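In: Quick one, structure for this:
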Amino acid sequence: MKKKLLSLLLIGAGFYIESNAQRVVIEQADHSAQSIYALKALTKALEARNYTVETSQVTTAQYTIRLAANKQEIGAEAYSIAKQGKQLTVTGGDARGLIYGCLSLVEDLQNGVGLEKISPRSEKPHLPLRAIKFDLPWDTYRHSYALDLHYETCRDTLYWRAFLDMMVANRFNALSIWNLHPYPFMIKPTNFPAATPFNDQQMREWQTLFRTIFRMAKERAIDTYLIPFNIFTSPEFSKAYNVNPALNNLEHRHFIDGDTSAIVKRYTRECVTQVLREYPDLTGFGLTLGEGMGGMTPQQREDWMKATIIDGMRQANRKTKLIHRIPFSSTTGSLGITSVDTEKLTRKSIESEGALDFIEGPIWADLKYNWSHAHSTPTLVKVHGGKLYDTYFKPDPTAYKITWTARNEDFFCLRWGVPDFVRAHIAANNQSYVGGYFLGSETYIPAKDYFTTPGGSVDWKYAFERQWLFYKLWGRLLYNPATTDAVFKAEFVRRYGPSATRLLEAYALASSTPLRLASAFDFTWDFSLYSEGMMAHDAVKNVSYISVNQQITQATLDPTYVSVADYVKTTIAGGTFDKGKITPPILASMLERDCRKALELIKSIKTSANRSLQYEVADVQVWANLGLHLAEKLKGAVALQTYRLTGQADQKKIAVKHLKQALTHWDAVVAITRPIYKDMPLVHLSEQKGGTPAENDKLRFHWAILRPEVAKDVDIAENAKPVSAR
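Out: Residues are numbered from 1 along each chain as shown. The predicted model follows:
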């Protein structure tokens with residue numbers, strides 16, 4: 001008879017598993033929350049393979065699995081699996097390493113590997129921080145229905161259990177929770193009780209949610225960080241206490257002057273202290289310098305943080321970890337540019353924080369990798385605000401490590417997975433001063449699935465489960481970049497059977513499309529590019545389909561890429577390009593080669609009996625057709641620009657031909673996606689010029705909706721005239 005795991009722990013001597021002729025004894029080193037989690041995960045995997053859990057002593061066990069922890073022997077977060085005869089020993093360098101070791105065994109069991117075939121292995125972390133950036137859907141950074149619709153899902157602790165299980169399985173070790181002003185949802189401030197809008201019962205419900213999230217994260221050895229924006233207060237606080245009505249900011253607009261009044265400073269500091277005291281499982285805090293801090297110099301912003309966040313941490317009387325986000329403005333404006341002087345000031349501030357005994361180091365000094373679009377090129381071209389100088393790296397810091405926020409504002413609907421891109425990204429950031437990555441979005445929350453059309457069962461409930469490959473690639477490779485493609489291929493086979501063996505290769509080829517678009521199309525902040533939709537900011541700063549004219553004139557991000565305008569100008573003048581440069585014709589050829597191969601790889605996969613597999617295959621088809629669309633568009637753009645500059649009539653015909661073919665590929669995308677994907681709310685559309693917030697919130701994205709804009713490219717080419725004739 002099966003007994004609950006708790007009963008097994010109470011007998012104090014391990015527990016026993018029997019399957020067919022095999023009996024297994026599992027011996028625990030301790031009964032910590034993390035060890036219990038590892039034990040449960042291993043038990044579940046064994047039971048799924050029809051082992052039976054026994055509560056009585058078994059002296060004839062055929063296998064023994066020993067769980068042990070030895071930090072001095074193998075190091076933090078590392079694990080080893082040793083095999084001697086019929087005994088397996090899983091050793092973790094710490095509680096986290098022990099969990100990872102058990103999850104490695106779980107993965108084998110799920111992939112059909114029996115205990116007798118388990119092979120010895122060991123792994124250790126490549127980077128110490130592997131974090132998720134998660135924006136909560138209440139009091140969101142941007143106000144949009146596309147974020148609000150996740151409200152109920154994110155208040156469900158079952159969602160967080162599933163998300164945290166995904167994180168630990170993929171070796172993510174930190175969850176950073178972002179919110180404009182989280183305190184009213186977490187505490188009733190002692191000296192400012194009117195600052196929260198909730199009654200006592202509602203407050204208890206919110207507190208139960210946050211305490212459960214932090215507790216479950218701790219059980220999985222996942223650190224948690226709370227990252228508020230500054231300077232904000234709740235509307236209730238502003239109405240009840242604010243002595244500066246001009247800066248009430250009841251609507252929480254981002255780019256306003258900072259309210260540095262004494263009461264706001266005191267309120268903020270006391271909130272930080274109270275949160276840390278009331279939530280002992282919360283690991284750390286983060287600070288950002290930008291929003292709601294207009295009119296302040298970089299030094300004034302740092303001083304504000306020391307007087308509020310840092311001093312609030314001090315008064316909590318416990319150790320706390322810290323994320324110090326690198327400021328993106330060197331001016332008194334909320335938006336500005338980077339500068340060496342600001343880097344020097346910030347480094348000095350972070351180093352002083354590192355000397356404080358209540359801060360547990362290292363401090364994570366965070367920068368946005370290639371601004372808001374890390375899924376572009378693995379080459380670091382810019383950070384938020386522009387150029388990154390070397391002040392933070394030379395000499396090597398001792399109090400902090402640089403971390404990179406890899407923002408994804410480019411694909412929310414379509415599944416994505418390019419293993420070699422992630423490996424290249426990590427290899428490019430292997431310096432001694434690098435501590436790790438934050439992975440996540442600011443315009444998308446991976447909670448409610450608002451993409452999938454009704455019409456049959458699928459093997460996911462939540463949005464993040466649709467993007468399992470995205471999280472698995474980033475998490476596992478951040479932990480160990482030597483993880484082979486076989487690990488990811490095996491997951492496809494486990495989910496969908498042997499016919500899915502080549503899906504990973506197909507994804508690697510087809511979903512390189514958004515990376516190549518973003519490398520060839522320069523951008524800055526969130527809405528300046530949306531690769532999945534082939535959309536970007538237009539002349540009036542609305543997000544719309546990238547016209548052929550914009551494709552011609554837009555500069556490239558990656559310095560090895562050549563823009564259409566520069567390519568045509570140079571070739572007309574008889575010039576050439578250095579070897580290694582990716583010109584538009586070369587890029588078009590790369591897209592065609594890879595996308596056609598991807599389509600060939602999935603041609604024989606039968607999806608009629610598995611709706612989930614249908615979506616996996618369909619997303620490859622969509623990325624491939626988007627890539628072929630882009631290839632034809634690039635060829636059409638080159639021909640069109642050549643015609644405009646030379647007047648060669650045949651080039652105009654060539655341009656029309658290629659742009660018509662680009663439209664054909666877009667129509668293929670529409671045909672694939674219209675039956676399986678809903679019209680989707682998109683934060684990028686919620687700030688369109690000329691519409692009210694309510695009107696913009698009703699705007700939806702789907703490739704079918706953009707079809708008329710795509711067709712205009714053909715009209716542009718047909719109506720084009722040479723420059724000399726204008």
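In: Which elements pack onto the host helix or strand of Leu630?
Out: Assigned by DSSP states H and E, Leu630 falls within helix 611-646. When contacts are defined as 3 or more CB pairs under 8 Å, 6 or more residues apart in numbering; DSSP states H and E, helix 611-646 packs onto helix 485-496, helix 503-510, helix 513-520, helix 548-553, helix 564-572, helix 584-602, helix 649-673, helix 707-718. In this view, the C-beta of every residue, glycine as well, is placed from N, C-alpha and C.
In: Those helices: which one's closest to Tyr151?
Out: Of all these, helix 649-673 sits nearest to Tyr151, with 26.7 Å by CB to CB.
In: which residues are in contact with that closest one?
Out: Helix 649-673 is touched from outside by 548, 618, 621-622, 625-626, 628-630, 632-633, 635-637, 639-640, 642-643, 702-704, 706-707, 710-711, 713-714, 716-718, 720, with contacts defined as CB atoms under 8 Å, 6 or more residues apart in numbering.
In: can you pull the buried residues of it?
Out: 651-652, 654-663, 665-670, 672-673 (16 or more other CB atoms under 10 Å).
In: swap in stretch 714-726?
Out: Buried residues in stretch 714-726, counting neighbours by 16+ other CB under 10 Å, are found at 714, 716-717, 720.
In: Spatially, which two of those residues are the most separated?
Out: Val714 and Ala720 (10.8 Å).
In: Pull out the buried residues from the contacts of helix 649-673.
Out: Using 16+ other CB under 10 Å, the buried ones in those are 548, 618, 621-622, 625-626, 628-630, 632-633, 635-637, 639-640, 642-643, 702-704, 706, 710-711, 713-714, 716-717, 720.
In: thinking again about what came up before, what would the buried residues of stretch 714-726 look like in CSV with distance to Thr297?
Out: As requested, those are exported to CSV (distance: CB to CB, whole Å):
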residue, distance to Thr297
Val714, 52
Ile716, 47
Ala717, 51
Ala720, 50
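In: Where do the strands of the stretch 301-450 of the chain begin and end?
Out: If DSSP state E, counting those that start in this stretch is used as the criterion, the strands of the stretch 301-450 of the chain fall at 321-325, 363-368, 400-407, 434-440.
In: Of the ones you listed, which is nearest Pro584?
Out: Comparing the strands of the stretch 301-450 of the chain by CB to CB, strand 400-407 comes nearest, at 26.5 Å.
In: tell me the mean pLDDT for the closest one?
Out: Averaged over strand 400-407, pLDDT sits at 98.
In: try stretch 246-258
Out: Mean predicted confidence for stretch 246-258 is 87.
In: Also stretch 89-99?
Out: 96.
In: Specify the angle between the helix holding Leu630 and helix 503-510 in degrees.
Out: Note on geometry: by axes from the mean of the first three to the mean of the last three CA atoms, to 10 degrees, helix 611-646 and helix 503-510 are set 20 degrees apart in direction.
In: and the direction of helix 611-646 versus that of helix 564-572, what angle?
Out: Using the same axes, to 10 degrees: helix 611-646 against helix 564-572 is 50 degrees.
In: Touching, Glu616 and Gly497? I think so.
Out: No: applying CB atoms under 8 Å as the test, Glu616 and Gly497 come out as separate, 11.8 Å apart.
In: of those two, who's got more company?
Out: Glu616 (23 against 14; other CB atoms under 10 Å).
In: OK, contacts around the more buried one?
Out: Contacts of Glu616 (CB under 8 Å, 6+ apart): 415, 492, 496, 500, 503.
In: who touches stretch 523-540?
Out: Residues contacting stretch 523-540 (CB under 8 Å, 6+ apart): 371-373, 375-376, 384, 407, 409-414, 442-443, 513-514, 517-518, 521, 541, 543-547, 550, 554, 557, 626, 629-630, 682-684, 687, 689, 701, 703, 706.
In: Quick check on those residues: which are buried?
Out: Using 16+ other CB under 10 Å, the buried ones in the contacts of stretch 523-540 are 371-373, 375-376, 384, 407, 409-414, 442-443, 513-514, 517-518, 521, 543-547, 550, 554, 557, 626, 629-630, 682-684, 687, 701, 703, 706.
In: For His425, which non-adjacent residue is spatially closest?
Out: Pro378 (4.3 Å; CB to CB, 6 or more residues apart in numbering).
In: low-scoring stretches of this structure, by residue?
Out: Along the chain, segments meeting pLDDT under 70 span 1-21, 52-59, 725-726.
In: Quick test: name the residue nearest the centre of it.
Out: In the chain, the residue lying closest to the centroid (CA atoms, centre = their mean) is Gly440, at 2.3 Å.
In: That one reaches Asn408, doesn't it?
Out: Yes: at 6.9 Å, Gly440 and Asn408 qualify as touching, with contact defined as CB under 8 Å.
In: For stretch 570-588, C-alpha coordinates in PDB please.
Out: Taking Å, rounded to 0.1, in the frame of the first residue of the first chain, the C-alpha atoms of stretch 570-588 are listed here in PDB:
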ATOM      1  CA  THR A 570      28.200  50.900 -52.400                       C
ATOM      2  CA  THR A 571      27.500  48.400 -55.200                       C
ATOM      3  CA  ILE A 572      26.300  51.100 -57.600                       C
ATOM      4  CA  ALA A 573      29.600  53.000 -56.900                       C
ATOM      5  CA  GLY A 574      31.600  49.800 -57.700                       C
ATOM      6  CA  GLY A 575      32.600  49.200 -54.100                       C
ATOM      7  CA  THR A 576      32.900  45.900 -52.300                       C
ATOM      8  CA  PHE A 577      32.500  44.700 -48.700                       C
ATOM      9  CA  ASP A 578      35.000  43.000 -46.500                       C
ATOM     10  CA  LYS A 579      34.800  39.200 -46.000                       C
ATOM     11  CA  GLY A 580      32.500  38.400 -43.100                       C
ATOM     12  CA  LYS A 581      30.100  41.200 -43.800                       C
ATOM     13  CA  ILE A 582      26.500  40.000 -44.100                       C
ATOM     14  CA  THR A 583      25.000  41.900 -47.000                       C
ATOM     15  CA  PRO A 584      21.200  41.800 -47.800                       C
ATOM     16  CA  PRO A 585      21.700  39.200 -50.600                       C
ATOM     17  CA  ILE A 586      23.800  37.000 -48.200                       C
ATOM     18  CA  LEU A 587      21.200  37.400 -45.400                       C
ATOM     19  CA  ALA A 588      18.400  36.500 -47.900                       C
END
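In: buried stuff in it?
Out: Buried, per 16+ other CB under 10 Å, within stretch 570-588: 582-584, 587-588.
In: Repeat that for stretch 331-343.
Out: Applying 16+ other CB under 10 Å to stretch 331-343 flags 332, 334-336, 338-339, 342-343 as buried.
In: again with stretch 549-562
Out: Neighbour counts over stretch 549-562 (16+ other CB under 10 Å) mark 549-552, 554, 556-558, 561-562 as buried.
In: Next, the distance between the ends of that stretch.
Out: 16 Å (CA to CA, to the nearest Å).
In: could you pull out the helices for the stretch 201-350 of the chain?
Out: 235-240, 262-278, 298-305, 311-315, 340-354 (DSSP state H, counting those that start in this stretch).
In: Can you tell me which helices and strands the helix or strand hosting Val168 packs against?
Out: Element membership for Val168 (DSSP H and E) is helix 157-169. On a contact count with 3+ CB pairs under 8 Å, 6+ apart, helix 157-169 meets helix 95-110, helix 200-219, helix 463-466, helix 468-479.
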